[in-house]
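Engineer: based on what follows, work out the 3D shape:
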Amino acid sequence: MDFKLTSMSAVLERADGRLRSPDAGVRLWPTGFPLLDDAIGGGFRAGSLNLLGGPQGQGKTMFALQAARAAVKTGRSAVFFSYELEADALVQRLVAMEAGELDPYDAPDLSRIRSIFEGTDGGSGGLIERMALTSTGTEALLRVSEYADRLVVHRSTATHTDITEINDTVKKVMGDTGEPPLIIVDYLQKVATPLTELDEEDRITRITEQLKDVAIEFECPIFAVAAMDHEGLEPGARMRTRHMRGSTALSYEPDVVLILATKSDIVARHHLMYGGANAEHFKDWSVLTVEKNRSGSGGAEIEFKKRFDQGRFDPDGNVVTEKLVDERVYVE
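Structural biologist: Residues are numbered from 1 along each chain as shown. So this is what the prediction gives:
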């Protein structure tokens, strides 16, 4: 990668140009979660590496997809390197998200939408005809179609999709759209590395450093999902950045580190013992912790209502008011 020297006068001129013509050089990508944007300085920054970790089943892919959706709904582009899910599954989640936001109570859930896409719903006709039989289904489909061409899914594999492939794909997307995209990597530890003799720590360090280089070169943000190391988790411990696989590099290189956890797992014990129905209620909420933030202070704790049946989180979260602890209440 060819990194050029930049004088401070050039930086000043560039900043002045952005202020005089904001649309010509936007440097922030809102995440779609207003309180998270407030916590990290307005959104993901150009040239930044942002990580999202958490225990399995917390909805990390869902959260990343909502961030990609937020980018493309504002006219930006995004490329989603999916090592986990097919493009079909991701578009079904997008339709479910849109339907749920249109009507949180009567919208078709994700399983209903999946059956429609797979033709196992018992209906007839094409996608539009089948979706028309559901509440908000047709409008949800139309909403997705309005930005679908700006969200590109790369079906990635742990054996072939390496940094070179990611780099080439981003170049192609930029050539097609004329602008840097938001890059989603789901997930970081599965990025292929040709140097098989590296141990796990060195391999993840190399991937992390290369992803940061890609973000800087193309002046776009990368939002990468990171796997957590359950084996390195002390009994009863709350998951933190140090529990990410390859934690040394994942602690140092990223600009922003976020951790998702179910609220009932990390709320102080007295809230569960004396909260009555709240103990069960806490399971319906996820807490997003800003573990690291180079553009400001870290430590923010924001809660979001889970709408997993609709493939989404409620974007309008709340600042956590209960006391959270560093020890998990339940041990799996």
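Engineer: ranges for the helices of this structure?
Structural biologist: Assigned helices in the chain, in chain order: 8-20, 34-40, 60-73, 87-102, 110-118, 127-131, 137-147, 163-177, 200-218, 247-252, 263-266, 269-274, 278-281 (criterion: DSSP state H).
Engineer: now the ones you listed as CSV including distance to residue 238 and mean neighbour count?
Structural biologist: Placement of C-beta: from N, CA and C, glycine included. Shown next, in CSV, are the helices of the chain (distance: least, Cβ to Cβ, whole Å; neighbours: other Cβ atoms under 10 Å):
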stretch, distance to residue 238, mean neighbour count
helix 8-20, 40, 10
helix 34-40, 19, 19
helix 60-73, 16, 23
helix 87-102, 28, 21
helix 110-118, 29, 18
helix 127-131, 41, 17
helix 137-147, 36, 18
helix 163-177, 32, 16
helix 200-218, 22, 19
helix 247-252, 15, 18
helix 263-266, 5, 22
helix 269-274, 13, 12
helix 278-281, 18, 13
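Engineer: least reliable of the ones you listed by average pLDDT, please.
Structural biologist: The weakest mean pLDDT among these belongs to helix 269-274, with a mean of 62.
Engineer: and residue 250, how far from residue 31?
Structural biologist: Going from residue 250 to residue 31 by Cβ to Cβ, to the nearest Å gives 20 Å.
Engineer: quick revisit: can you say which of the helices of the chain is nearest to residue 194?
Structural biologist: Residue 194 lies closest, by Cβ to Cβ, to one member of the helices of the chain: helix 163-177, at 8.6 Å.
Engineer: so which elements touch that closest one?
Structural biologist: In terms of contacts (3 or more Cβ pairs under 8 Å, 6 or more residues apart in numbering; DSSP states H and E), helix 163-177 is packed against strand 78-82, strand 151-155, strand 182-186, helix 200-218.
Engineer: next, the angle strand 78-82 makes with that helix.
Structural biologist: Counting by axes from the mean of the first three to the mean of the last three Cα atoms, to 10 degrees, helix 163-177 lies at 150 degrees to strand 78-82.
Engineer: got a list of contacts for helix 163-177?
Structural biologist: 77, 79, 81, 150, 152, 154, 156, 180-181, 183, 185, 191-192, 207, 210-211, 214, 218, 220 (Cβ atoms under 8 Å, 6 or more residues apart in numbering).
Engineer: give me that answer again for 7 Å
Structural biologist: 77, 79, 81, 152, 154, 180-181, 183, 191, 210, 214, 218 (Cβ atoms under 7 Å, 6 or more residues apart in numbering).
Engineer: with stretch 179-190 instead?
Structural biologist: If you take Cβ under 7 Å, 6+ apart as the criterion, stretch 179-190 is touched by 29, 44, 46, 61, 64, 68, 71, 76-84, 158, 170, 173-174, 191, 204, 207-208, 211, 218-227, 245-246.
Engineer: with distance to residue 317 added, can I get the helices of the chain in CSV?
Structural biologist: Output for these, formatted as CSV (distance: least, Cβ to Cβ, whole Å):
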stretch, distance to residue 317
helix 8-20, 29
helix 34-40, 5
helix 60-73, 11
helix 87-102, 15
helix 110-118, 21
helix 127-131, 29
helix 137-147, 22
helix 163-177, 30
helix 200-218, 26
helix 247-252, 24
helix 263-266, 11
helix 269-274, 18
helix 278-281, 15
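Engineer: how near is residue 17 to residue 249?
Structural biologist: Residue 17 is 34 Å from residue 249, by Cβ to Cβ.
Engineer: now the helices and strands packed on helix 163-177 as JSON lines including distance to residue 125?
Structural biologist: As requested, those are arranged in JSON lines below (distance: least, Cβ to Cβ, whole Å):
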{"stretch": "strand 78-82", "distance to residue 125": "29"}
{"stretch": "strand 151-155", "distance to residue 125": "26"}
{"stretch": "strand 182-186", "distance to residue 125": "33"}
{"stretch": "helix 200-218", "distance to residue 125": "42"}
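Engineer: out of these, which comes closest to residue 262?
Structural biologist: strand 182-186 (19.8 Å).
Engineer: how far does the closest one sit from the chain's center?
Structural biologist: Put simply, strand 182-186 sits 7 Å off its chain's centre (Cα atoms, centre = their mean, to the nearest Å).
Engineer: just stretch 42-58 next, same as before
Structural biologist: 6 Å.
Engineer: nearest residue to the most centrally placed residue in the chain in space, please, no chain neighbours.
Structural biologist: For the chain, residue 64 is the residue whose C-alpha lies nearest the centre (Cα atoms, centre = their mean; 1.9 Å). In space, and not counting its chain neighbours, residue 64 is closest to residue 184: 5.1 Å by Cβ to Cβ, 6 or more residues apart in numbering.
Engineer: run a quick neighbour tally on that neighbour.
Structural biologist: The number of residues packed near residue 184 is 28, by other Cβ atoms under 10 Å.
Engineer: tell me which stretches of the stretch 201-332 of the chain form strands.
Structural biologist: Using DSSP state E, counting those that start in this stretch, the strands of the stretch 201-332 of the chain run over 222-225, 256-262, 285-293, 301-307, 312-313, 318-319.
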